[in-house]
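Peer 1: Structure for this input, please:
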Amino acid sequence: MNKYTGLLSFIFGIILTVFAFLSWRSCHKKDDAAMINQDYYLITNQIQKMNKMVVLEQDFSSFQTHKSAAARVAGFDILPKEMVLYTTAKAQVSYDLKRMKIDVDTVSKKVIINELPQPEIKIFPDVKIHFMDDYAVNRFKQSDINNIMESAKKNMAKSVNQEQLKQQSKKQLKENLNEIFVLAKALHYTIEDKTNTFSTGEL
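Peer 2: Below is the predicted model of the structure:
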């Protein structure tokens, strides 16, 4: 009887130990799963907060001179008219981060960039008359002034080197992305850029 009692106690002890181990492992898995879900939420939420992001702004200015034909008086060209315009432009490069496609690999602890948005360049030109030299017999018409100013705006916009802006904005984008991924790095995630926009180690 004592033998059976001891054996039953032994078996019961083993069952309790296995049950306790399985319970502990189950709780541990739940904690790990909760931690993984929390990482994923924190990282993606941080990125989603950044919508359209202006990464670069530059100002440009120049003087443009417009000379019109002289007036024809008694068969002679006299009194040519001239206008000097002061033109400015604000160039803005932005990235719509809603279009950025990423994967968060919580197992390998990686943030994988699958697609980056293309830069959007907007140029806002403005023009003012700096100097205008005309005469009563050879005045600028208002319609001519409007056309000249509109042409000056277009010339100013064309003069902005957009390729150079793109290269400069790429450097600024890298800095901004590094700021966005600070949280991911603090959680010991590495950043992998599959678009090959940035070389290994830049992010």
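
Peer 1: Strands of the chain, residue ranges please.
Peer 2: Assigned by DSSP state E, the strands in the chain fall at 52-68, 71-73, 76-78, 81-96, 101-105, 110-115, 120-133, 190-193.

Peer 1: dump the residue contacts of Pro119.
Peer 2: By CB atoms under 8 Å, 6 or more residues apart in numbering, Pro119 lies in contact with Val55, Val93, Ser94, Tyr95, Leu165, Lys166, Ser169, Lys170, Leu173. In short, each C-beta sits where N, CA and C put it, glycine included.

Peer 1: Ok, which of the strands of the chain comes nearest Thr200?
Peer 2: Between Thr200 and these, the shortest separation by CB to CB is 8.1 Å, and it involves strand 190-193.

Peer 1: Next, the buried residues of that closest one.
Peer 2: By neighbour count on 16 or more other CB atoms under 10 Å, the buried set for strand 190-193 is Ile191, Glu192, Asp193.

Peer 1: about what we covered before: could the strands of the chain be laid out in a markdown table, adding mean pLDDT?
Peer 2: Output for those, formatted as a markdown table (pLDDT from 0 to 100):
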| stretch | mean pLDDT |
| --- | --- |
| strand 52-68 | 88 |
| strand 71-73 | 62 |
| strand 76-78 | 62 |
| strand 81-96 | 92 |
| strand 101-105 | 89 |
| strand 110-115 | 93 |
| strand 120-133 | 92 |
| strand 190-193 | 92 |
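
Peer 1: For those strands, could you give me a markdown table that also reports distance to Phe140?
Peer 2: Below are these laid out as a markdown table (distance: least, CB to CB, whole Å):
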| stretch | distance to Phe140 |
| --- | --- |
| strand 52-68 | 7 |
| strand 71-73 | 12 |
| strand 76-78 | 16 |
| strand 81-96 | 6 |
| strand 101-105 | 54 |
| strand 110-115 | 52 |
| strand 120-133 | 7 |
| strand 190-193 | 55 |
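
Peer 1: Could you give the number of residues near Ile121?
Peer 2: Neighbourhood size, Ile121 [other CB atoms under 10 Å]: 15.

Peer 1: Thanks again, I'm all set now.
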